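> Pasting the sequence and the predicted model now:
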Amino acid sequence: MSHESWVHIRDLQVKFRRDGQTINAVNGVSFDVRKGEVMALIGESGSGKSVTLRALMRLHPPGSAVLSGTMRVGGESVLEMSAAQLRQYRGARCAMIFQEPLLAFDPVYTVGQQIIEGLRRHEKLSRRAARARALEALRQVRIPSPELRLDAWPHEMSGGMRQRAMIALALSCNPQLLLADEPTTALDATVQIQILILLREQQKQRDLSIIFVTHDIGAAVEIADRVAVMYAGRIVEEAPIEQILNHPRHPYTRVLLGSRPKEGLKKGDALHSIPGSPPDLTHLPPGCAFADRCAHARPVCRERQPATEKAGQRHVVSCHRWRELTQPATHQFAIA
């Protein structure tokens, strides 16, 4: 893996205007993803993970969403792309795997027709050549009986098979950046691990950059090189996966890791949860958004937004008190 920054995001802000209110969904997010690197965005629902991903594809409706900041992919500014440039960018350079493929696939076209359409648009192939490429794409994601599945309707496939077909569609035009929006959430545990292994295999074979959104730290462990922890539309900590697991610095990262069920948990045992609720995104507090839920908060935490500081090699954290929170993590994860 080279040290080239393939995705460069600085001070990304996404605001939605609805019913006279402004929802501050993403608030100054900055990160880089190298060529061939997998970055996981983790956090609770509503933290801004999926909004960030969709901003990178410019999928937010321009009438209600306001985007600002810098987003560069492969050196090109995504925010400055014209409609024609966006059509070429989506699918050919940057592709997306959606959380629920049954909704993402068009129900009135077969799976094969939808893969073929993308290939013909981006690579100017004949229908015969595009069909052969679509069939090969299904084989690469190990869909059984790919010749039959090519002409199947999305509703005729199981959830796991549809997700494989969605991966085949996303990778069919050989993009350099893949955005995965909680692609395993709706699947059972066995199928989840199969999809994660498949994604990692394809990533290594193609030297793909991937941004993987999840609320499950276990999924991040299986696939990610780096992790960015999001809360209330901001990245509060970012580091290599080993550093996040073994030396988390932000209090939110610590309680997020601690809320995962422990090995040996028995029926009736209480699950650890994070007290309180995330802040109202229409009225964000002046200080740290996590302060009201944080056991370590002090007056300064509620008064002033913490700066982003370096806590180690490629490890940054936004917390006034992170230097005081140096005790080792109380959980164990195995890194494959």
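Thanks, I have it.

> residue ranges with poor pLDDT in the protein?
1-4, 261-265, 268-270, 326-336 (pLDDT under 70).

> counting contacts, what elements does the helix of greatest length in it pack onto?
Ranked by residue count and defined by DSSP state H, the top helix of the chain is helix 189-206. Contact analysis of helix 189-206 by 3 or more Cβ pairs under 8 Å, 6 or more residues apart in numbering; DSSP states H and E lists helix 159-171, strand 209-214, helix 217-223 as its packing neighbours. C-betas here are computed from N, CA, C, even on glycine.

> can you rerun that using 6 Å?
helix 217-223 (3 or more Cβ pairs under 6 Å, 6 or more residues apart in numbering; DSSP states H and E).

> Go ahead and measure how far the helix it packs on is from the middle of the chain.
12 Å (Cα atoms, centre = their mean, to the nearest Å).

> and what of stretch 119-139?
How far stretch 119-139 lies from its chain's middle: 27 Å, per Cα atoms, centre = their mean.

> Restrict it to CA atoms and write it as CSV.
Extracted in CSV, the C-alpha atoms of stretch 119-139 (Å, rounded to 0.1, in the frame of the first residue of the first chain):
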residue,chain,number,x,y,z
LEU,A,119,-21.0,-1.4,-18.0
ARG,A,120,-22.4,-0.1,-21.3
ARG,A,121,-22.6,3.4,-20.0
HIS,A,122,-19.1,3.6,-18.5
GLU,A,123,-17.1,1.3,-20.7
LYS,A,124,-19.0,1.6,-24.0
LEU,A,125,-19.3,-2.2,-24.4
SER,A,126,-21.6,-4.1,-26.8
ARG,A,127,-24.5,-5.8,-25.1
ARG,A,128,-22.9,-9.2,-25.7
ALA,A,129,-19.6,-8.1,-24.2
ALA,A,130,-21.3,-6.4,-21.3
ARG,A,131,-23.3,-9.5,-20.5
ALA,A,132,-20.1,-11.6,-20.4
ARG,A,133,-18.5,-9.1,-18.0
ALA,A,134,-21.7,-9.0,-15.8
LEU,A,135,-21.6,-12.8,-15.6
GLU,A,136,-17.9,-12.7,-14.7
ALA,A,137,-18.7,-10.1,-12.0
LEU,A,138,-21.2,-12.5,-10.4
ARG,A,139,-18.7,-15.4,-10.5
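
> what comes up buried for it?
L119, R120, H122, L125, A130, R131, R133, A134, L135, A137, L138 (16 or more other Cβ atoms under 10 Å).

> now swap in stretch 188-195 and tell me
V191, Q192, Q194, I195.

> what's in contact with it?
G160, Q163, T184 (Cβ atoms under 6 Å, 6 or more residues apart in numbering).

> Now for F105, how many residues are close by?
Around F105 there are 21 other residues, counting by other Cβ atoms under 10 Å.

> how close does it get to G112?
11 Å (Cβ to Cβ, to the nearest Å).

> same check, this time on A224
Here A224 is placed at a distance of 32 Å from G112 (Cβ to Cβ).

> repeat for R18
From R18 to G112 the distance is 39 Å (Cβ to Cβ).

> Who has more neighbours out of these two?
Taking neighbours as other Cβ under 10 Å, R18 and G112 compare with G112 leading, 23 against 9.

> Next, that one: secondary structure please.
helix (DSSP: H, G, I helix; E, B strand; the rest coil).

> For it, which non-adjacent residue is closest in space?
L150 (3.7 Å; Cβ to Cβ, 6 or more residues apart in numbering).

> What degree of burial does the one you found show, as a neighbour count?
21.

> shift numbering so it begins at 95
Yep, numbering from 95; the last one is L244 now.

> Now do the helices in this structure.
143-150, 177-186, 195-198, 205-217, 221-234, 240-243, 253-265, 283-300, 311-317, 335-340, 345-352, 393-397.

> what's the second one packed up against?
For helix 177-186, the helices and strands in contact under the criterion 3+ Cβ pairs under 6 Å, 6+ apart are helix 205-217.

> ok, W100 touching S303?
Yes. Using Cβ atoms under 6 Å, W100 is in contact with S303, at 4.7 Å.

> between the two, who's got more neighbours?
S303 (26 against 19).

> Run through the residues that contact the more buried one.
Contact analysis of S303 by Cβ under 6 Å, 6+ apart lists W100, V127, K129, E131, L271.

> Of the residues you listed, which is the most crowded?
E131 (23 neighbours).

> Columns neighbour count and distance to V167 on top of the contacts of stretch 282-289, output as a markdown table?
Formatted as a markdown table, the contacts of stretch 282-289 follow (neighbours: other Cβ atoms under 10 Å; distance: Cβ to Cβ, whole Å):
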| residue | neighbour count | distance to V167 |
| --- | --- | --- |
| G254 | 19 | 30 |
| Q257 | 29 | 24 |
| T278 | 25 | 24 |
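
> closest to L135 among these?
Among the contacts of stretch 282-289, T278 lies closest to L135 (Cβ to Cβ), at 14.4 Å.

> picking up where we left off before, just the helices of the chain: most buried one?
Among the helices of the chain, judged by mean count of other Cβ atoms under 10 Å, the one packed with the most neighbours on average is helix 253-265 (a mean of 24).

> for that one, packing partners?
Short answer (3+ Cβ pairs under 6 Å, 6+ apart): helix 253-265 packs on strand 188-191, helix 195-198.

> can I get the ones you listed in CSV with distance to G142?
Below are the helices and strands packed on helix 253-265 laid out as CSV (distance: least, Cβ to Cβ, whole Å):
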stretch, distance to G142
strand 188-191, 17
helix 195-198, 21
